[in-house]
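Colleague: attaching a predicted model along with its sequence, questions to come.
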Amino acid sequence: MNTTSPIHEREHERMLVARAREGERSALRELIGLHQDRLFGFIWRMVRDHHEAEDICQDAFLKAFASLDTFSTEYRFSTWLFTIAYRVCLNRLRRKRVLSIDEHSPALPLEDGETPATVLESQEAARLRESLWDAVDQLTPPQRATVLLFYRHDMGCQEIARIIELPLATVKSHLHRARGRLRELLEAAAEKDGTLYRNLKERAG
């Protein structure tokens, strides 16, 4: 169990940044280790392409380390790093204009004791999760980033506002509109697929 306090983590992060500014490679490696998983997860959800997400993640770290002298310790290093990554994501999305789609998962074979009905129920749960992320993909990049940072990374609206460089009121508006948009998209998906699912479940007994 990690009992490290947020204040201690902040001080440790500042110490690492100070050492990194002096060119200490071990500090750079530790900063990468502390943040790369969460940063990659955020970037991947923004661009939906594994190789491009890796490239953007590396680019964000390189940009951050190249401009460490401009970093203000008034903010968390992670906030600054996510800001850089978000800018890179936006530039890539503007160039591509098209987002990648999730690969379709193959049908799973039955396990011992499973029935077609229980498999359909588990597949339905997976389908609902897929529908949710498909709906997130249809949000605008600022709305998508707001939803991801708020729900997946437990960031508050103030920190999100710094990352996506928009006023606090705009971030709250994005969050409100995104929730409404997701509800509309999920309701439409449920209405579209509901009849097919009911027919399949009836045939499964």
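Modeller: That came through fine.

Colleague: quick check: what element follows the lowest-mean-pLDDT helix or strand in the chain along the chain?
Modeller: Least confident helix or strand of the chain, by mean pLDDT, DSSP states H and E, is helix 116-137 with a mean of 62. Of the helices and strands lying after helix 116-137 in sequence (DSSP states H and E), the nearest is helix 141-147.

Colleague: and that following helix, what other elements does it pack with?
Modeller: helix 25-47, helix 77-96, helix 116-137, helix 157-164, helix 168-204 (3 or more CB pairs under 8 Å, 6 or more residues apart in numbering; DSSP states H and E). Every C-beta, even on glycine, is put in place using the N, C-alpha and C of the backbone.

Colleague: for the ones you listed, which one sits closest to Val17?
Modeller: Closest of these to Val17 is helix 77-96, at 5.8 Å (criterion: CB to CB).

Colleague: how far off centre is that closest one?
Modeller: For helix 77-96, the separation from the chain centroid amounts to 12 Å (computed by CA atoms, centre = their mean, to the nearest Å).

Colleague: any idea how many residues pack against the closest residue to Phe71 other than its chain neighbours?
Modeller: Spatial nearest neighbour of Phe71, chain neighbours left out: Trp80 (5.6 Å); criterion: CB to CB, 6 or more residues apart in numbering. Counted with other CB atoms under 10 Å, residues neighbouring Trp80 total 20.

Colleague: look up how far Phe61 lies from Trp80.
Modeller: Separation of Trp80 from Phe61 (CB to CB, to the nearest Å) stands at 12 Å.

Colleague: repeat that for Thr83.
Modeller: Separation of Thr83 from Phe61 (CB to CB): 13 Å.

Colleague: could you do Leu166 as well?
Modeller: 24 Å.

Colleague: which one of the two has more residues nearby?
Modeller: Set Leu166 next to Phe61 and count neighbours by other CB under 10 Å: Phe61 wins out with 19 against 16.

Colleague: nearest residue to the middle of the chain?
Modeller: By CA atoms, centre = their mean, the chain has its centre lying nearest to Phe42, at 3.0 Å.

Colleague: what sits against it?
Modeller: Phe42 makes contact with 82, 85, 145, 148-149, 152-153, according to CB atoms under 8 Å, 6 or more residues apart in numbering.

Colleague: mind redoing it with 7 Å?
Modeller: 82, 85, 148, 153 (CB atoms under 7 Å, 6 or more residues apart in numbering).

Colleague: from those, which is closest to Leu175?
Modeller: Using CB to CB, Leu148 comes nearest to Leu175 of these, at 11.1 Å.

Colleague: find the nearest non-adjacent residue to the closest one, please.
Modeller: Closest residue to Leu148 apart from its sequence neighbours, by CB to CB, 6+ apart: Arg45 at 5.2 Å.

Colleague: I'd say the one you found and Val147 touch.
Modeller: No: counting by CB atoms under 7 Å, Arg45 does not reach Val147; the two are 9.1 Å apart.

Colleague: what about those two, which has more around it?
Modeller: When Arg45 and Val147 are compared for neighbours, Val147 comes out ahead with 21 against 18, by other CB under 10 Å.
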